[in-house]
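1. What would the 3D arrangement of this be:
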Amino acid sequence: MLYPKGSIDNKNTPWLTLAPQHVDHAAMTVRDAVARTVGSRWLKGLTAALLAAIAVLSLVPKNIGGVDDGVIHGSPQHFSAYFVTAAVAGLATARRRNPVGVFLALAAFAGLMEVLQTFSPGRVPELEGFVASGLGAAAGALVAFAARAP
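-> Numbers count the residues shown, from 1 in each chain. From the prediction side, this is the model:
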């Protein structure tokens, strides 16, 4: 702060404080927002919805139109889906936990989805998809863990 409060007009006017205090306040607001949403029901519901979407889109037969018509395909699609899901799941837990648990749960889920694709017409389990999903889950879990750091 360059000028103490009230140094110009001899009044204690809070509008005379300068940006560094406001920047700190803004940073605290972001931290407070993250802290308020961590472990909330809507994050848990969003995690469940993301897992359901991954399951449906992974197991729907390939010949159904529109399933693979997205902007991204293949490994980037796997990575991004599991990245977002892991980040949300990491924030949905009530306590600050090691990101390894979120990663392992989603990696197991990715493996299950790849194995179940054996029974879906036109789908074939691929190691490349599993690896991309695992990498996305690891990155997303680390982002969630970092966002919750004190």
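2. Tell me where the model's unsure across this structure.
-> 1-39, 65-72, 94-97, 150 (pLDDT under 70).
3. Please identify the buried residues of the helix or strand hosting residue 85?
-> Element membership for residue 85 (DSSP states H and E) is helix 75-92. The neighbour-count criterion (16 or more other CB atoms under 10 Å) identifies 75, 77-92 as the buried residues of helix 75-92. C-betas here are computed from N, CA, C, even on glycine.
4. top helix in this protein by residue count?
-> Secondary structure assigned by DSSP state H gives helix 127-147 as the longest helix of the chain.
5. which other helices and strands contact that one?
-> Judged by 3 or more CB pairs under 8 Å, 6 or more residues apart in numbering; DSSP states H and E, helix 127-147 is in contact with helix 75-92, helix 99-116.
6. looking at those, which is closest to residue 122?
-> Ranking these by proximity to residue 122 (CB to CB) places helix 99-116 first, at 13.5 Å.
7. And the contacts of the closest one?
-> Identification of contacts with helix 99-116 by CB atoms under 8 Å, 6 or more residues apart in numbering yields 51, 54-55, 58-59, 78, 82, 85-86, 89-90, 93, 125-126, 129-130, 133-134, 137-138, 140-142, 144-145.
8. Apply 7 Å and report the result again.
-> Residues outside helix 99-116 that contact it (CB atoms under 7 Å, 6 or more residues apart in numbering) are 51, 54-55, 58-59, 82, 85-86, 89-90, 125-126, 129-130, 133-134, 137-138, 141-142, 144-145.
9. And that helix, what's buried?
-> Of the residues in helix 99-116, 99, 102, 103, 106, 107, 109, 110, 113, 114 count as buried by neighbour count, 16+ other CB under 10 Å.
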